[in-house]
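# Below are the sequence and a predicted model; questions follow.
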Amino acid sequence: ELLKTILQLKHLMKGDVLDAAKRIVKKVAEEIAEKLNQDIRRSLLGKVDRNSQSPVRSIRNLDIQKTIRRNLKHYDAENGRLMLEQVYFNGRTRRYSQWKVVIAVDESGSMLDSVIHSAVMAGIFARLPMLDTRLVIFDTQVVDLSAHLDDPVATLMSIQLGGGTFIAGALQYCETLIENPHRTMVVLVSDLCEGGSPTGLLSVSRGIIESGAKLVCLTALDMEANPVYDRHMAQKLADLGAYVGAMTPEMLGDFMGKVMNG
């Protein structure tokens, strides 16, 4: 609740108060990430990177470059030897093409819990080797925060709550990020209350789906998964072939793991 209050009032903060608020944002974001990180990594890596859970390691899976890189600090200059403290192996992730995940988050005030969890999850996804993660937030304008995924404070403090909602415009931007549709998942986090043309929203959604990309419309992404949303639009998107529903972060991780695992 404190984090939500800070994000709602940050435009009124300056100087020491703003600095203190940023420290709180950082602490709370790290706490949320710590709670989610293990479950989400298990959901994705546990399904895709099965070899990482096996005690069996073979020379075929030896990651020579990573082993050398991670052990350089143990180089014995006197004897000219590299001491291997740990040996690294490739998991089965290498058998899968990298997936791109584009997360588009509605900045509407009612979506604040979902905005927070989306930002934290995007940071977790960005650290996973099989995912190329992008994060955009939108109202009537679209802001790409992908460059700040490793900085939850910068990401969360960029949020501008309220204003109108132009979902179609956000999805049009997401379309420009799609390079390999069959390995791309567009995750729209929104109450689906379109301020622009509903027909336009359905048209761009159809284009994404027909390209072969996965369109996932989350009406809530938080610990409660108890959404308030435009059910009429949700049904129309579902009829097009989008997945529509509310999820907890753990549920999204499981869902993505199943999709990626084919």
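Okay, I see it. Numbering: from 1, shown residues only.
# Which parts of the stretch 101-250 of the chain are helices?
For the stretch 101-250 of the chain, applying DSSP state H, counting those that start in this stretch gives helices covering 112-126, 152-157, 167-176, 198-210, 231-240, 249-260.
# Let's have those in JSON lines, adding mean pLDDT and mean neighbour count.
Just so you know, the C-beta spots here come from the backbone N, C-alpha and C atoms, and that holds for glycine as well. Shown next, in JSON lines, are the helices of the stretch 101-250 of the chain (pLDDT from 0 to 100; neighbours: other Cβ atoms under 10 Å):
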{"stretch": "helix 112-126", "mean pLDDT": "81", "mean neighbour count": "23"}
{"stretch": "helix 152-157", "mean pLDDT": "74", "mean neighbour count": "20"}
{"stretch": "helix 167-176", "mean pLDDT": "97", "mean neighbour count": "21"}
{"stretch": "helix 198-210", "mean pLDDT": "98", "mean neighbour count": "17"}
{"stretch": "helix 231-240", "mean pLDDT": "97", "mean neighbour count": "16"}
{"stretch": "helix 249-260", "mean pLDDT": "82", "mean neighbour count": "19"}
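# Out of the ones you listed, which is closest to residue 219?
Closest approach to residue 219 among these (Cβ to Cβ): helix 231-240, 6.5 Å.
# Point out where the stretch 51-200 of the chain drops to low pLDDT.
Residue ranges of the stretch 51-200 of the chain with pLDDT under 70: 51-62, 89-97, 109-110, 161-162.
# try 50 this time
Applying pLDDT under 50 to the stretch 51-200 of the chain flags the ranges 51-56, 92-96.
# The helices of the stretch 101-250 of the chain: which one's closest to residue 138?
Of all the helices of the stretch 101-250 of the chain, helix 167-176 comes closest under Cβ to Cβ, at 3.9 Å.
# Please name every helix or strand in contact with that closest one.
strand 99-106, strand 131-138, strand 142-144, strand 184-189, helix 198-210 (3 or more Cβ pairs under 8 Å, 6 or more residues apart in numbering; DSSP states H and E).
# report the angle between the axes of it and strand 131-138?
On the basis of axes from the mean of the first three to the mean of the last three Cα atoms, to 10 degrees, helix 167-176 is oriented at 150 degrees to strand 131-138.
# picking up where we left off before, would you format the helices of the stretch 101-250 of the chain as TSV with distance to residue 191 included?
Converted to TSV, the helices of the stretch 101-250 of the chain look like this (distance: least, Cβ to Cβ, whole Å):
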stretch	distance to residue 191
helix 112-126	9
helix 152-157	20
helix 167-176	10
helix 198-210	13
helix 231-240	9
helix 249-260	17
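# mind checking which of those is nearest residue 144?
helix 167-176 (7.6 Å).
# and residue 177, how many residues sit next to it?
Residues near residue 177, counting by other Cβ atoms under 10 Å, number 16.
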